[in-house]
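Enquirer: Show me the folded form of this:
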Amino acid sequence: MEFVLDGVEWAGNKLPDPIIIFIGLCLLMILGSWVAALFGVQAQSPTDGEFIEAQSLLSADNIRRMIVEAPANFGAFPALGLVLVIMIGIGLSERTGYFEILLRHAVSRSPKFMVIPTIALVGLLGNIAGDAAPIVLPPLAAMIFLRLGWHPFAGVVLGYAAAIGGFAANFILGMSDALVYAFTQPAAELIEPGISLTPAMNYYFTAASVVLLLPILWFVTARITIPRLGSYDNPEYVDPEGGSEITDQQRKALRWANISALGFVVLLALLYIPPGALLRNPETGDMIQGAPFMDGITILLTILFFIPGLVYGLIAKTIRSTSDMATMMVQSMASMGSFIVIVFFAAQLLAYFDWSNLGTIFAIIGAELLQGQSGVVLLIGIILIGAVLNLFLGSASAKWAILAPILVPMMMLLGYHPGFTQMLYRIGDSISNPITPMLPYFALVLVLAQKYVKDMGMGTLLAALLPYSVFMGIGWILFMIGWYLLGWPVGPGAPIYLEGG
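Expert: Below is the predicted model of the structure:
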């Protein structure tokens, strides 16, 4: 096992930075379009029977187009603004300390028999908190396990597996929903320009997935991880936290921050649920199509995260001036620098797919090859593609930026809604998260684990995390198969099939 995992680490470390990968893909697309046009590559459109021919990006017109339209491609990327706006709210809550204290409070108040499911639940819900959950939860869980007489390393792996492995499960919409939507929308428009999608289009399935994954995480920890590790006996270990507790001021700030968040949720409910409410479609009264609530979900989520972050910061004194608040919001935007650069090159790549016709041609050819396959085979195949690629390329947005322009159009031609395809990818991306060394949190968790088990190697950590990936993978795939066979929509406005599909 360690030989295989070491091989994965070696191969993954040989890959360049995702930004460099996208630059290379743009160059490869330019060269590939020239070769495809040279050999007359074409495909027949299933909609109107017209033949679509590959166009060389090295033609005089397309060279001029690549130069002139590059800024417009970037600026017109549909969800760039959406992601950055949400980060204002999430970033403030993270940097004031609200998310960290919220996680610590939720776990520390649980009775012993509820500690495992509480840590698992906090981890599953914690992905709305940006980097907070995978950074804060593993050391917190280790400390709690140690004081309860369990091996602290078991707490490390539970906290990490829940926060990272459950990245596509949550009761609350968050940054992960916005990130994948950022690439699904333009990919879907390659086939159906103007298609209406929202970041909430996976919500039904992601919310139900919390209920699925919670007992799986509980079972693996209680029946496999804790018994396998046994008792912890290391007299040389000294708790670096020194038994620090949440202060009264932090507790007061947390209480009022939570009250403020709840108040905003109640206000939204009053403005959305009653017939004729302000945030319903003003003409039809619909709660999804044309509803300001759905169309304006970006700013509503931003406010939902911004309000408790601000209240917490003011009461806990982590915000002492307007300058502090402004600095925190600026720092949140600065943390998105890598994403912004990736989006620039991803936007060019999407445009090249469109101008060269290769995206449409690949989708048509792929759809023809898969026409006879059952839906279950497609479902499992897309999940496994995401899971395997995740072992070598840690960034979820970078992977989906590569796969979305191919998988989304291909599945649309087979009659599947983009939201369904997106959800399949998110499952695959999540289940292999705990065992990929490519995530930036992995090294942090390894160092943390070595504080409890001296000279621990990466193989030991991966061996402890592997059961979580395996059981979550099996459970999630079977769950999705059942969901698919029942024909339930994966979210608001996102049925399994396109209309008429």
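
Enquirer: Quick check: mean pLDDT of the longest helix along the chain?
Expert: Criterion DSSP state H: the longest helix present in the chain is helix 458-486. Averaged across helix 458-486, the pLDDT comes to 91.

Enquirer: With stretch 342-358 instead?
Expert: In the prediction, stretch 342-358 has an average pLDDT of 84.

Enquirer: returning to what we had before: which helices and strands does the longest helix of the chain pack with?
Expert: helix 2-14, helix 152-165, helix 203-220, helix 375-390, helix 418-431, helix 440-452 (3 or more Cβ pairs under 8 Å, 6 or more residues apart in numbering; DSSP states H and E). For glycine as for every other residue, the C-beta is placed from the backbone atoms N, C-alpha and C.

Enquirer: Could you tell me the least trusted of those?
Expert: helix 2-14 (a mean of 55).

Enquirer: downstream neighbour of that one in the secondary structure list?
Expert: Scanning forward in sequence from helix 2-14 by DSSP states H and E, the next helix or strand is helix 18-38.

Enquirer: Give me the buried stretch members for that next one, please.
Expert: 18-19, 21-23, 25-26, 29-30, 32-34, 36-37 (16 or more other Cβ atoms under 10 Å).

Enquirer: now swap in stretch 466-482 and tell me
Expert: Buried, per 16+ other Cβ under 10 Å, within stretch 466-482: 466-469, 471-473, 475-477, 479-480.

Enquirer: so what pLDDT did the residue nearest to the spatial centre of the chain get?
Expert: In the chain, the residue lying closest to the centroid (Cα atoms, centre = their mean) is Ser176, at 3.5 Å. Ser176 is assigned 80 on the pLDDT scale.

Enquirer: for it, what are its contacts?
Expert: For Ser176, the residues meeting the contact criterion (Cβ atoms under 8 Å, 6 or more residues apart in numbering) are 127, 167-168, 170, 396, 426.

Enquirer: So which of those residues is the closest to Ile135?
Expert: Minimum distance to Ile135 across these is 12.1 Å, recorded for Asn127 (Cβ to Cβ).

Enquirer: Please report how far the closest one lies from Thr322.
Expert: As judged by Cβ to Cβ, to the nearest Å, Asn127 and Thr322 stand 30 Å apart.

Enquirer: re earlier: among the buried residues of helix 18-38, which one lies nearest to Ala207?
Expert: Nearest to Ala207 out of these is Pro18 (Cβ to Cβ; 29.5 Å).

Enquirer: could the buried residues of helix 18-38 go into TSV alongside distance to Leu301 and pLDDT?
Expert: Rendered in TSV, the data for the buried residues of helix 18-38 read as follows (distance: Cβ to Cβ, whole Å; pLDDT from 0 to 100):
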residue	distance to Leu301	pLDDT
Pro18	25	64
Ile19	27	79
Ile21	30	75
Phe22	27	77
Ile23	32	89
Leu25	31	83
Cys26	32	89
Met29	34	89
Ile30	37	94
Gly32	38	92
Ser33	38	93
Trp34	43	95
Ala36	41	92
Ala37	43	93
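
Enquirer: What are the phi and psi values at His151?
Expert: phi -70, psi 130 (degrees, to the nearest 10).

Enquirer: same check, this time on Ala43
Expert: phi -150, psi 150.

Enquirer: okay, now it: neighbour count?
Expert: Ala43 has 21 neighbours, counted by other Cβ atoms under 10 Å.

Enquirer: got a list of what it touches?
Expert: Contacts of Ala43 by Cβ under 8 Å, 6+ apart are 51-52, 360-361, 364-365.

Enquirer: Which ones among the residues you listed map onto helices?
Expert: If you go by DSSP H, the contacts of Ala43 have 360-361, 364-365 in helices.

Enquirer: Of those, keep whichever come out buried.
Expert: 360-361, 364.

Enquirer: that older thread, flag the least confident of the contacts of Ser176.
Expert: Scoring the contacts of Ser176 by pLDDT puts Ala396 last, at 65.

Enquirer: hang on, the earlier thing: looking at the buried residues of helix 18-38, spot the one nearest Met66.
Expert: Looking across the buried residues of helix 18-38 and measuring by Cβ to Cβ, the closest to Met66 is Ile30, at 7.9 Å.

Enquirer: The closest one contacts Tyr352, correct?
Expert: Yes: the pair Ile30 / Tyr352 is scored as a contact, 6.8 Å apart, by Cβ atoms under 8 Å.

Enquirer: Give the intersection of the neighbour lists for those two.
Expert: 57, 66.

Enquirer: Report how many residues lie close to the closest residue to Leu148 other than its chain neighbours.
Expert: Distances taken as Cβ to Cβ, 6 or more residues apart in numbering put Lys112 closest to Leu148, at 5.9 Å, once the chain neighbours are dropped. The burial count assigned to Lys112 is 10, neighbours taken as other Cβ under 10 Å.

Enquirer: and Lys112, what pLDDT?
Expert: pLDDT, read off for Lys112, is 75.

Enquirer: What's the separation between it and Thr118?
Expert: In terms of Cβ to Cβ, Lys112 sits 10 Å off from Thr118.

Enquirer: Then Ile90?
Expert: 23 Å.

Enquirer: Strands along the stretch 101-250 of the chain, start to end?
Expert: With DSSP state E, counting those that start in this stretch as the criterion, the stretch 101-250 of the chain has no strands.

Enquirer: any idea where the helices of it begin and end?
Expert: 115-125, 132-147, 152-165, 175-188, 203-220, 226-229, 248-272 (DSSP state H, counting those that start in this stretch).

Enquirer: returning to what we had before: more neighbours: Ile90 and Thr118, which one.
Expert: Between Ile90 and Thr118, counted using other Cβ under 10 Å, Ile90 has the larger neighbour count: 25 against 20.

Enquirer: Spatially nearest residue to that one, not counting backbone neighbours?
Expert: Counting by Cβ to Cβ, 6+ apart, the residue nearest Ile90 is Phe305, at 4.8 Å.

Enquirer: Pretty sure Ala351 sits against Glu69.
Expert: Yes: using Cβ under 8 Å, Ala351 is in contact with Glu69, at 7.0 Å.

Enquirer: quick one on the thing from earlier: wait, which of the buried residues of helix 18-38 is closest to Ala269?
Expert: Pro18 (39.4 Å).

Enquirer: ok, back up a step: now render the buried residues of stretch 466-482 as a markdown table, adding distance to Ala208.
Expert: Converted to a markdown table, the buried residues of stretch 466-482 look like this (distance: Cβ to Cβ, whole Å):
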| residue | distance to Ala208 |
| --- | --- |
| Leu466 | 25 |
| Pro467 | 23 |
| Tyr468 | 19 |
| Ser469 | 20 |
| Phe471 | 17 |
| Met472 | 14 |
| Gly473 | 17 |
| Gly475 | 12 |
| Trp476 | 11 |
| Ile477 | 14 |
| Phe479 | 8 |
| Met480 | 10 |
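
Enquirer: Nearest to Thr327 among the residues you listed?
Expert: Tyr468 (37.5 Å).

Enquirer: Tell me how far that closest one lies from Ile435.
Expert: Tyr468 is 8 Å from Ile435, by Cβ to Cβ.

Enquirer: Which residues are in contact with each of these two?
Expert: In contact with both Tyr468 and Ile435: no residue, using Cβ under 8 Å, 6+ apart.

Enquirer: if I look at Gly165, how far off is Tyr497?
Expert: From Gly165 to Tyr497 the distance is 29 Å (Cβ to Cβ).
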